[in-house]
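Participant: after the sequence you'll find the predicted model.
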Amino acid sequence: MESVRFLASEIGSRPAGSPSESRARDYLQGRLAEMDLSVETRIFTFRGWRALAPPTLHVEDDELKAVALPYTFATDARGVEGVLRFEGDWPVIPGRLSCLRFRLENAAGEPLAAVLASPAGEARPLPNTLPLLSIPAVVISAEDGRRLRAHVDGNRLRARIVSARIWEGPLQSANLVVDLAGHDRFVVVLAHYDCVDGSQGANDNASGAALLLRLVRRSCEDGSGGVRFVLCGAEEPFIVGSRCYAAELCASGELQRIGACLNLDMVAVGDRFSVRRPDSSLWARAVSAMEHVSPAGLPIRESGAMPSSDHWAFHEFGIPSAQLTREPDEAWHSHGDTANRFSESDLDDAEAVAARLLEVARKELASR
Ligand SMILES: [Zn+2]
């Protein structure tokens, strides 16, 4: 919890490529150095995106509170004006989470901008999954979304959206790598340390970074090897850090040594653990071989792999890849994601579940 508090409360929001993300990296590097480990820092650059001012969304005479969907296009200072139409559900994370989507269109019915409603609670920066929306897009609260939907039906609501933002960069971030692999084939364990702007990112994902530090310590103590740990930068903008790392391993030929990938993301809040894994993979076998309840009594469920976090970068390269997470967390990507919502015992529980998964995976790789 010391790490969680430092990352979330002391540093606070750690958007990819920012000085605070870099400070988080320095802190984590220091924690690893305390364990006498050599840490490789792998720098990468990427294209950044910044909102210059909160967007405004006027619907008839109302002004609704909105945030910009990251990495979407800007309007000019006058904004775009048209008629709102309800479009249905939009997949925030395909196969996992969707939200209401409206479109602002001109007289010819051409789309000018998109309005998305947060799946729950306040307006928040939802992840912008690929392919990118090629029009300006803003997010409103779940409540405003429901009201707007009821209001749009049968009416021609006029609306105006102003959204000022710039593309910037290249920005810099880095992955921190600790190699305890030893054997020929190994499991790569990931956790990202950046978070979205405006959130302290305690559960998402200071919790996963803290869990990774615990697993590093555990691996050092039991000397079992067979694991490489990577603290990933820049997960929030399209899982950039893990994609860079996977691509580097592919280029160097080292990717063939990776037998499996386990990603720790949002591991401390929610009433159940979930292992999002591809069917009939090593992870599916690992979960079925273990008890389906954590030491603290939380159920452990399985679901299909989805592009929700860094494991997807390795999944795209054909590596059996899973995400360990706890869910649901209503405060995800919001101001409410603070460190006082969980405690050391939640991390103990997550560590026990992750360690069991890792153990089964390591054994299976060693026996091949
Ligand atoms: Zn995350």
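Facilitator: Arrived safely, thanks for sending.
Participant: which other helices and strands contact the biggest helix by length in the chain?
Facilitator: Using DSSP state H to define each element, the chain has its longest helix at helix 344-367. Contact here means 3 or more CB pairs under 8 Å, 6 or more residues apart in numbering; DSSP states H and E; on that basis helix 344-367 packs against strand 186-192, helix 207-222, strand 258-264, strand 272-276, helix 282-289, strand 321-327. Yep, even glycine has a C-beta here, placed from its N, CA and C like the rest.
Participant: go through the ones you listed and name the closest to the ion.
Facilitator: Proximity to the ion (CB to the ion) singles out strand 186-192 among the helices and strands packed on helix 344-367, at 5.7 Å.
Participant: quick revisit: tell me which residues in the longest helix of the chain are buried?
Facilitator: For helix 344-367, burial by neighbour count (16 or more other CB atoms under 10 Å) applies to 346-347, 349-351, 353-362, 364-365.
Participant: can you check stretch 121-134 too?
Facilitator: Buried residues in stretch 121-134, counted by 16+ other CB under 10 Å: 121-128, 133.
Participant: try stretch 232-247
Facilitator: In terms of neighbour count (16+ other CB under 10 Å), stretch 232-247 has its buried residues at 232-246.
Participant: show the end-to-end separation of that stretch, please.
Facilitator: 14 Å (CA to CA, to the nearest Å).
Participant: any idea how far that stretch is from the middle of the chain?
Facilitator: Relative to the chain's own centre, stretch 232-247 is displaced by 10 Å; criterion: CA atoms, centre = their mean, to the nearest Å.
Participant: any part of that stretch near the ion?
Facilitator: No: Stretch 232-247 lies out of reach of the ion by CB under 5 Å from the ion, never closer than 5.7 Å.
Participant: farthest pair in the buried residues of stretch 232-247?
Facilitator: Pairwise distances across these peak at 17.1 Å for Glu236 and Ala246 (criterion: CB to CB).
Participant: okay, now the closest residue to Glu236 other than its chain neighbours: neighbour count?
Facilitator: What sits nearest to Glu236 in space, not counting adjacent residues and going by CB to CB, 6 or more residues apart in numbering, is Val196, at 5.2 Å. Val196 sits with 24 neighbouring residues when counted by other CB atoms under 10 Å.
Participant: next one: Ala33
Facilitator: 11.
Participant: please begin residue numbering at 3 from this point
Facilitator: Okay, residue one is now 3; in that scheme the one you just asked about reads as Ala35.
Participant: in a helix, it, correct?
Facilitator: Yes: assessed with DSSP: H, G, I helix; E, B strand; the rest coil, Ala35 lies in a helix.
Participant: which residues does the residue nearest to it when sequence neighbours are not counted contact?
Facilitator: Nearest residue to Ala35, sequence neighbours excluded (CB to CB, 6+ apart): Val41, at 6.7 Å. Shown in contact with Val41 (CB atoms under 8 Å, 6 or more residues apart in numbering): 31, 34-35, 178-180.
Participant: residues of the chain that sit close to the ion?
Facilitator: Residues of the chain lying near the ion (CB under 5 Å from the ion): 206-207, 267.
Participant: re the thing from before, can you classify the residue nearest to Glu238 by secondary structure?
Facilitator: Per three-state DSSP, Val198 ends up coil.
Participant: that one contacts His335, doesn't it?
Facilitator: Yes: using CB atoms under 8 Å, Val198 is in contact with His335, at 5.1 Å.
Participant: who touches both of those two?
Facilitator: Common neighbours of Val198 and His335 (CB under 8 Å, 6+ apart) are 126-127, 206.
Participant: can you give me the helices for the chain?
Facilitator: With DSSP H as the criterion, the chain has helices spanning 4-7, 21-36, 144-154, 209-224, 242-254, 284-291, 313-317, 346-369.
Participant: for Pro72, see how far away the closest residue to the ion within the stretch 3-152 of the chain is.
Facilitator: Distances between the stretch 3-152 of the chain and the ion by CB to the ion are smallest at Pro129, namely 8.9 Å. According to CB to CB, to the nearest Å, Pro129 stands 7 Å off from Pro72.
Participant: so where is the protein shaky, pLDDT-wise?
Facilitator: Across the chain, residues meeting the criterion (pLDDT under 70) sit at 132, 185.
Participant: need the longest strand for it.
Facilitator: Longest strand in the chain by number of residues, with DSSP state E as the criterion: strand 167-182.
Participant: quick check: angle from it to helix 209-224?
Facilitator: Interaxial angle of strand 167-182 relative to helix 209-224 (axes from the mean of the first three to the mean of the last three CA atoms, to 10 degrees): 10 degrees.
Participant: mind listing what's buried along strand 167-182?
Facilitator: In strand 167-182, counting by 16+ other CB under 10 Å, buried: 167, 173-182.
Participant: that strand pairs with which strands?
Facilitator: Strand pairing for strand 167-182, using DSSP bridges, gives strand 42-53 (antiparallel), strand 229-234 (antiparallel).
Participant: now it and helix 242-254, what's the angle there?
Facilitator: Counting by the same axes, to 10 degrees, strand 167-182 lies at 60 degrees to helix 242-254.
Participant: just the C-alphas of strand 167-182, formatted as PDB.
Facilitator: The C-alpha coordinates for strand 167-182 follow below in PDB (Å, rounded to 0.1, in the frame of the first residue of the first chain):
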ATOM      1  CA  ARG A 167      -7.400  20.000 -28.400                       C
ATOM      2  CA  ILE A 168      -4.100  19.500 -30.000                       C
ATOM      3  CA  TRP A 169      -1.900  16.600 -31.100                       C
ATOM      4  CA  GLU A 170       1.500  16.900 -29.600                       C
ATOM      5  CA  GLY A 171       4.800  15.100 -29.400                       C
ATOM      6  CA  PRO A 172       6.600  13.000 -29.800                       C
ATOM      7  CA  LEU A 173       6.200  12.300 -26.100                       C
ATOM      8  CA  GLN A 174       8.500  10.000 -24.200                       C
ATOM      9  CA  SER A 175       7.700   7.100 -21.800                       C
ATOM     10  CA  ALA A 176       9.500   3.900 -20.800                       C
ATOM     11  CA  ASN A 177       9.000   0.300 -19.800                       C
ATOM     12  CA  LEU A 178      10.900  -1.000 -16.800                       C
ATOM     13  CA  VAL A 179      12.100  -4.600 -17.300                       C
ATOM     14  CA  VAL A 180      13.300  -7.000 -14.500                       C
ATOM     15  CA  ASP A 181      14.500 -10.300 -16.000                       C
ATOM     16  CA  LEU A 182      14.300 -13.300 -13.700                       C
END
